[in-house]
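> here is my input, please return the structure:
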Amino acid sequence: MDDTQERFHKLLDDHHQWPCPYLFKFIVPFEKLDEFSTLFQDHELVKRPSRTGKYVGVSFESHMCSSHEVMDIYRKAAQVPGVMSL
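The predicted structure follows:
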């Protein structure tokens, strides 16, 4: 784990008491939405298109048991090119 990941892990642990619900938010290029949706098909995705239609804001809440689980979701999302995590 690099320095940035360690800081994020500590920040998550400092601000959350596990287990707890965690809200994930992403910005996904429109052309990658199907690929992203397939990765997270087990979650109820809330989608909001941008004004230009180039991007879609995607959010979902999931019950997480640790900061490691949260980081795993972000790693999974990063597999899709162009996805931005918020």
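
> now the helices for this protein?
Listed from the start of the chain, the chain has helices (DSSP state H) covering 3-15, 33-39, 67-77.

> which one of those helices lies closest to Tyr22?
Nearest of the helices of the chain to Tyr22, taken as Cβ to Cβ: helix 67-77 at 5.7 Å. All C-beta spots, glycine's among them, are computed from the backbone N, C-alpha and C.

> show me what the closest one is packed up against.
Here helix 67-77 touches helix 3-15, strand 20-29, helix 33-39, strand 55-64, going by 3 or more Cβ pairs under 8 Å, 6 or more residues apart in numbering; DSSP states H and E.

> ok, of the ones you listed, where does mean pLDDT dip lowest?
Looking over these, mean pLDDT reaches its minimum on helix 3-15, with a mean of 91.

> remind me what it packs against, helices and strands.
Where contact means 3+ Cβ pairs under 8 Å, 6+ apart, helix 3-15 is packed against helix 67-77.

> now the angle from the helix it packs on to strand 55-64?
Orientation note: helix 67-77 sits at an angle of 150 degrees relative to strand 55-64 (axes from the mean of the first three to the mean of the last three Cα atoms, to 10 degrees).

> just the CA atoms of helix 67-77, as PDB, please.
What follows is the C-alpha trace of helix 67-77 in PDB, where atoms were taken according to Å, rounded to 0.1, in the frame of the first residue of the first chain:
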ATOM      1  CA  SER A  67     -12.100   0.700   5.000                       C
ATOM      2  CA  HIS A  68     -10.400  -2.100   3.100                       C
ATOM      3  CA  GLU A  69     -13.800  -3.000   1.500                       C
ATOM      4  CA  VAL A  70     -14.300   0.600   0.600                       C
ATOM      5  CA  MET A  71     -10.900   0.800  -1.100                       C
ATOM      6  CA  ASP A  72     -11.700  -2.400  -3.000                       C
ATOM      7  CA  ILE A  73     -14.800  -0.800  -4.500                       C
ATOM      8  CA  TYR A  74     -12.700   2.200  -5.600                       C
ATOM      9  CA  ARG A  75     -10.100  -0.100  -7.100                       C
ATOM     10  CA  LYS A  76     -12.800  -2.000  -9.000                       C
ATOM     11  CA  ALA A  77     -14.300   1.200 -10.400                       C
END
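
> all set, thanks.
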